[in-house]
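Novice: Predicted model follows, preceded by the sequence.
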Amino acid sequence: MADVKIEVRANGPCRVTGPIDIVDQDGNAYTIPEGQWVSICRCGASENKPFCDSAHRSIGFDAPSEAH
Ligand code: FES
């Protein structure tokens, strides 16, 4: 089993669990509380990109998550 798990949430973000680093275009690290999962926006509406701020709910983001 991989150390990092990315769960594509139905109609929502990608939830990333595991030891990860997220950096900006200059290589500066975002602060991620140790041991916590993070939700990465995939709807494009978050005011806090790259993180999800639940805006997907208010815009009615419709994106299934079933793997094919
Ligand atoms: S997926 Fe939640 S705000 Fe975009």
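Specialist: Arrived safely, thanks for sending. If you're wondering where the values come from, they're calculated on a predicted model, not measured in any experiment.
Novice: How about the residues of this structure by the ligand?
Specialist: Proximity of the chain to the ligand, by C-beta under 6 Å from any ligand atom, involves residues G12, P13, C41, R42, C43, A45, S46, C52, D53, S54, A55, H56. No exception for glycine: its C-beta is placed from N, CA and C like everyone else's.
Novice: Any quick PyMOL command for the buried ones out of those?
Specialist: Restricted to buried positions by 16 or more other C-beta atoms under 10 Å, the PyMOL selection for the residues of the chain next to the ligand reads:
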select buried, resi 12+13+41+42+43+45+46+52+56
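Novice: Now intersect the residues of the chain next to the ligand with the helices, please.
Specialist: A55, H56 (DSSP state H).
Novice: if you look at the residues of the chain next to the ligand, which of them are in strands?
Specialist: The members of the residues of the chain next to the ligand all map outside strands under DSSP state E.
Novice: Closest one to E66 out of the residues of the chain next to the ligand, please.
Specialist: G12 (13.7 Å; C-beta to C-beta).
Novice: quick one: pLDDT of the closest residue to P50 other than its chain neighbours?
Specialist: Computed as C-beta to C-beta, 6 or more residues apart in numbering, the closest residue to P50 that is not its neighbour in sequence is I40, at 5.4 Å. The score at I40 is 97. That number is its pLDDT.
Novice: Next up, the contacts around I40.
Specialist: Neighbour list for I40: P13, C14, R15, V16, P50, F51, C52 [criterion: C-beta atoms under 8 Å, 6 or more residues apart in numbering].
Novice: For these, work out which two are farthest apart.
Specialist: Taking C-beta to C-beta as the measure, the contacts of I40 span a maximum distance of 13.0 Å, between R15 and P50.
Novice: Could you provide the contacts of I40 in TSV, with additional columns for pLDDT and distance to D3?
Specialist: Below are those laid out as TSV (pLDDT from 0 to 100; distance: C-beta to C-beta, whole Å):
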residue	pLDDT	distance to D3
P13	98	20
C14	98	16
R15	97	15
V16	95	11
P50	96	20
F51	96	21
C52	98	22
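Novice: roughly how far apart are the residue nearest to H56 when sequence neighbours are not counted and G60?
Specialist: Nearest residue to H56, sequence neighbours excluded (C-beta to C-beta, 6+ apart): C43, at 4.2 Å. Computed as C-beta to C-beta, to the nearest Å, the C43 to G60 distance reads 9 Å.
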